[in-house]
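S.K.: Model the following, please.
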Amino acid sequence: MAARRAARELLLVAVLFLAYKMGRILVEGHVEEAMRNAASVWDFERALHLPSEESLQSALLSHTFWVRAANCFYAYVHFPATAITLIWMYVKRPEIYLWMRRTLATLTAFALVVHALYPLAPPRMLTSAGMADTGRLFGPSVYGSPSTDTLSNQYAAMPSLHVGWAVVVALALVAASAGRRGRWLWLAHPVLTLLVVVVTGNHYWVDAIAVTALLAVVLTLVPRPVVAPPALAPAPVPAALEAPPLPAPVPAFHLRKVPAQRTAEPDSESNTSLPST
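M.R.: Next comes the predicted model:
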């Protein structure tokens, strides 16, 4: 029974990842629209005075090591980190696992709808943005040419599921670490993911804003996990309230029985009355 349930869960997660990867079919024939939307998003961000993705990337391009580190994070951390967290939750914290799986599935389903309705090319494809494709220039790259890549949807920048999944992973780990000091440090994972997807030219700032708003909606739909509070150690009792120590037991003595003294009987002779004279 346990093996069958594990196989079923593995199949569900595999379908989730496959749906994420096969979203390209939703944007076939909409490449020109995706490029127009990219130009609109770029102008919209400038109107909001958001930091320029191109400026952030330019500051990093002179540091080859860090550029490649960002590319490696984008290529090798996103899916493995999510999968490892799901497996760990399934084994150790099944109540959080169920919440995490439902949240990821619902978020991905909503995101695929947005991808279909609003195809968006990433900034690395937008010539007017002046951004480089760091994966192609420095390696490693997870994408091929957009015209021949049939394994991924490169026109699905809005919303960023990289950032959305990272936030869900962090929230699950925070819940699993309830009562522990420093548990909010797990939020560094989505923050680092956001910086990586921007400097590599794969997402805009608004992609992260959009997925955060979408996740907020999803969290109202998926029941929150019931996490058992950690066991607390009993508080020490103040010395003034402690019960006084019991007196030491008195050793038992074997008392020798003393025979009772016999009462002297009256002497018949001494008690004889004197003759009267």
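S.K.: any idea how far residue 108 is from residue 59?
M.R.: According to C-beta to C-beta, to the nearest Å, residue 59 stands 32 Å off from residue 108. To be clear about C-beta, it is placed using only N, CA and C from the backbone, and glycine gets the same treatment.
S.K.: Comparing these two, which shows the higher neighbour count?
M.R.: Remark: of residue 59 and residue 108, residue 108 carries more neighbours, 19 against 11, as counted by other C-beta atoms under 10 Å.
S.K.: got the buried residues for the helix or strand encompassing that one?
M.R.: Here residue 108, judged by DSSP states H and E, is contained in helix 94-117. For helix 94-117, the neighbour count (16 or more other C-beta atoms under 10 Å) marks 96-101, 103-108, 110-112, 114-115 as buried.
S.K.: what number of residues lie near residue 61?
M.R.: 15.
S.K.: Let me fix that, I meant to ask about residue 70.
M.R.: 23.
S.K.: roughly how far out does the helix or strand it falls within sit from the chain middle?
M.R.: Assigned by DSSP H and E, residue 70 belongs to helix 64-76. Put simply, helix 64-76 sits 23 Å off its chain's centre (C-alpha atoms, centre = their mean, to the nearest Å).
S.K.: helices or strands up against it?
M.R.: helix 53-61, helix 134-138, helix 188-199 (3 or more C-beta pairs under 8 Å, 6 or more residues apart in numbering; DSSP states H and E).
S.K.: mind listing what's buried in that helix?
M.R.: Going by 16+ other C-beta under 10 Å, helix 64-76 has these buried residues: 67, 70-71, 73-75.
S.K.: and if you look at stretch 128-141?
M.R.: For stretch 128-141, by 16+ other C-beta under 10 Å, it's 129, 131-135, 138.
S.K.: which residues touch residue 138?
M.R.: 64, 67-68, 71 (C-beta atoms under 8 Å, 6 or more residues apart in numbering).
S.K.: any idea how far it lies from residue 62?
M.R.: On the measure of C-beta to C-beta, residue 138 and residue 62 end up 12 Å apart.
S.K.: Residues contacting stretch 72-81, please?
M.R.: Around stretch 72-81, the neighbours that count as contacts under C-beta under 8 Å, 6+ apart are 17, 135, 140-142, 162, 165-166, 169, 189, 192-193, 196-197, 200, 202.
S.K.: for that stretch, the distance to its chain's centre please.
M.R.: 16 Å.
S.K.: Mind checking the pLDDT average for that stretch?
M.R.: In this model, stretch 72-81 has an average pLDDT of 92.
S.K.: how long is it end to end?
M.R.: End-to-end distance of stretch 72-81 (C-alpha to C-alpha, to the nearest Å): 13 Å.
S.K.: got it, and stretch 82-102?
M.R.: Note: stretch 82-102 ends 13 Å apart using C-alpha to C-alpha.
S.K.: now stretch 184-193
M.R.: Using C-alpha to C-alpha, one end of stretch 184-193 lies 16 Å from the other.
S.K.: Kindly provide the whole-number mean pLDDT of that stretch.
M.R.: The model assigns stretch 184-193 a mean pLDDT of 95.
S.K.: Surely residue 131 forms part of a strand?
M.R.: No - with DSSP: H, G, I helix; E, B strand; the rest coil as the criterion, residue 131 is coil rather than part of a strand.
S.K.: which ones are touching the residue nearest in space to the middle of the chain?
M.R.: Against the mean C-alpha coordinate of the chain, by C-alpha atoms, centre = their mean, the closest residue is residue 173 at 2.2 Å. With contact taken as C-beta under 8 Å, 6+ apart, residue 173 is in contact with 85, 183, 186, 189.
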